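Student: With the sequence up front, the predicted model follows.
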Protein chains: 2
Amino acid sequence: MSGLRERKKTETRAALSWAAIRLTVTQGFDNVLVEDIAQAVGVSPRTFNNYFSSKAEAIAFRHLDRSRQVAEALRQRPVDEPLWAALIEATLTRFTPGPEVAQSPPGSHTEWVDGLAVMLAEPALQGEMLRASAIAEADLAAAVAERTGTDPERDLYPHLVAASVTAAVNAAIRHFLRADPPVAMERLLPDALAQLAAGLPVPTPR
Amino acid sequence: MSGLRERKKTETRAALSWAAIRLTVTQGFDNVLVEDIAQAVGVSPRTFNNYFSSKAEAIAFRHLDRSRQVAEALRQRPVDEPLWAALIEATLTRFTPGPEVAQSPPGSHTEWVDGLAVMLAEPALQGEMLRASAIAEADLAAAVAERTGTDPERDLYPHLVAASVTAAVNAAIRHFLRADPPVAMERLLPDALAQLAAGLPVPTPR
DNA sequence: CAGAAAAGTGCGTGGCACGCAATATTACGT
DNA sequence: ACGTAATATTGCGTGCCACGCACTTTTCTG
């Protein structure tokens, strides 16, 4: 299965996605042509469309990929760990380095985050990002079902958990992107999921 | 404000959305041209694009519209009602008639539901539907904030609640669309939201 | 090393989203 | 009631995009 062939395909897909993101952040969504992305990776425009059926899908791919890994991470948590503790750890492993802030041009983190925010404001992008979350949600529901002895076919429960966790993660990301005194994902994420696990009681003002 | 002009615009928008849905359900997404939708409403193709920037957006508009009304419904619940009870009632008022099963060709409900399921399987649609939910989510978060004395600008809580409720509603809809012994939304929705309010504990098998 | 399988490419096509300018319709003050 | 301003509708033109198809190139397998 995993010969040179599969590996190269994976790399090309990642390279295309990354190029699409980089170019979009720096130049704006509709100033980037499919042709540009293909050229940046050294591949024909037609090949781009063999990997992704749209610019938006290419950009959303990184999010899809990371979201998928949450299900995988959940499966690797000890089986005797409580569900919600395991969910918190699993999401933390994939969403803490910030939404890929660490790499990129070394200086100017704020520039990069701002660029991301602008990019994510693009209507065409929003739908595709949410769709990526939804696709990964199916994997997560399956993993939750395994851990809780429920059935993804018949039961609502695993889907409900997966959907809620995904929603909480997305809410945390959006909060992260707009928080002016910046807040670390390491705090945001566990807090959000803990509130979920507690039934989202109305907070008492203090 | 609400002169003849506004009213007619609203009607045209609704008519276009409805025509887009009807044609898509009966003929399939890519067998329907923008031209067809425009013609069905008696308007020029160019005008279609004054109302919606894509076929998908036109289809998703009904969902957007209904989702928006949940926030409105929440505001009309008595202020002394507990938050989650109010949320259950608010969602029930807008999502119980089935996802618009009641109207349409009188007979053959299953045909219609199947057609809807096929339509919602379209990738281009999924993103747009989720985006509609996300837009309405902002309204809902504002309404939740009012009711709970929190601040949409600074606090994560109202967004967390709105996102979770939206996720639960969407999960319920998907479950409704695939449940083979059919389950009524009237049961699914309160059940899903009650589980949310209880912190989504792992169900005990019986 | 040869044939099969699969990825990459070039070309052509139909459709879409939208800017712009012209026209038709509605709103409103006098 | 009328004329004018505001707004909606329309037609046209343009650039881009997604994809089917056929062909070439690369990789896998026995």
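Tutor: It's in.
Student: Tell me how far the one helix or strand residue A:130 maps to lies from the chain's centre.
Tutor: Following DSSP states H and E, one finds residue A:130 within helix A:123-148. Centre-to-centre, helix A:123-148 and its host chain are 9 Å apart (CA atoms, centre = their mean, to the nearest Å).
Student: on contacts alone, who are the packing partners of the helix or strand just after it?
Tutor: Later in the chain than helix A:123-148, the nearest helix or strand by DSSP H and E is helix A:157-178. Helix A:157-178 sits against helix A:83-95, helix A:109-121, helix A:123-148, helix A:185-197, helix B:157-178, helix B:185-197, with contacts defined as 3 or more CB pairs under 8 Å, 6 or more residues apart in numbering or on different chains; DSSP states H and E. In short, each C-beta sits where N, CA and C put it, glycine included.
Student: circling back: can you give me the buried ones in the helix holding residue A:130?
Tutor: A:123-134, A:136-137, A:139-145, A:147-148 (16 or more other CB atoms under 10 Å in any protein chain shown).
Student: quick one on the thing from earlier: may I see the helices and strands packed on helix A:157-178 arranged in TSV, with distance to DNA strand C and mean pLDDT as well?
Tutor: Listed next are the helices and strands packed on helix A:157-178 as TSV, based on distance: least, CB to the nearest atom of the strand, whole Å; pLDDT from 0 to 100:
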stretch	distance to DNA strand C	mean pLDDT
helix A:83-95	26	96
helix A:109-121	14	86
helix A:123-148	8	97
helix A:185-197	32	96
helix B:157-178	23	96
helix B:185-197	31	97
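Student: which of these is buried the deepest?
Tutor: helix B:157-178 (a mean of 24; mean count of other CB atoms under 10 Å in any protein chain shown).
Student: C-alpha coordinates for that helix, PDB please?
Tutor: Coordinates of the C-alpha atoms in helix B:157-178 are reproduced here as PDB (Å, rounded to 0.1, in the frame of the first residue of the first chain):
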ATOM      1  CA  TYR B 157     -19.900  31.400  26.900                       C
ATOM      2  CA  PRO B 158     -22.700  32.700  24.600                       C
ATOM      3  CA  HIS B 159     -20.900  31.600  21.500                       C
ATOM      4  CA  LEU B 160     -20.300  28.200  23.100                       C
ATOM      5  CA  VAL B 161     -24.000  27.800  23.800                       C
ATOM      6  CA  ALA B 162     -25.100  28.900  20.400                       C
ATOM      7  CA  ALA B 163     -22.600  26.700  18.600                       C
ATOM      8  CA  SER B 164     -23.500  23.700  20.700                       C
ATOM      9  CA  VAL B 165     -27.200  24.200  20.200                       C
ATOM     10  CA  THR B 166     -26.700  24.600  16.500                       C
ATOM     11  CA  ALA B 167     -24.600  21.500  16.300                       C
ATOM     12  CA  ALA B 168     -27.200  19.600  18.200                       C
ATOM     13  CA  VAL B 169     -30.000  20.800  15.900                       C
ATOM     14  CA  ASN B 170     -27.900  19.800  12.900                       C
ATOM     15  CA  ALA B 171     -27.100  16.400  14.300                       C
ATOM     16  CA  ALA B 172     -30.800  15.900  15.000                       C
ATOM     17  CA  ILE B 173     -31.700  16.800  11.400                       C
ATOM     18  CA  ARG B 174     -29.200  14.400  10.000                       C
ATOM     19  CA  HIS B 175     -30.400  11.700  12.300                       C
ATOM     20  CA  PHE B 176     -33.900  12.400  11.200                       C
ATOM     21  CA  LEU B 177     -33.000  12.100   7.600                       C
ATOM     22  CA  ARG B 178     -31.400   8.700   8.000                       C
END
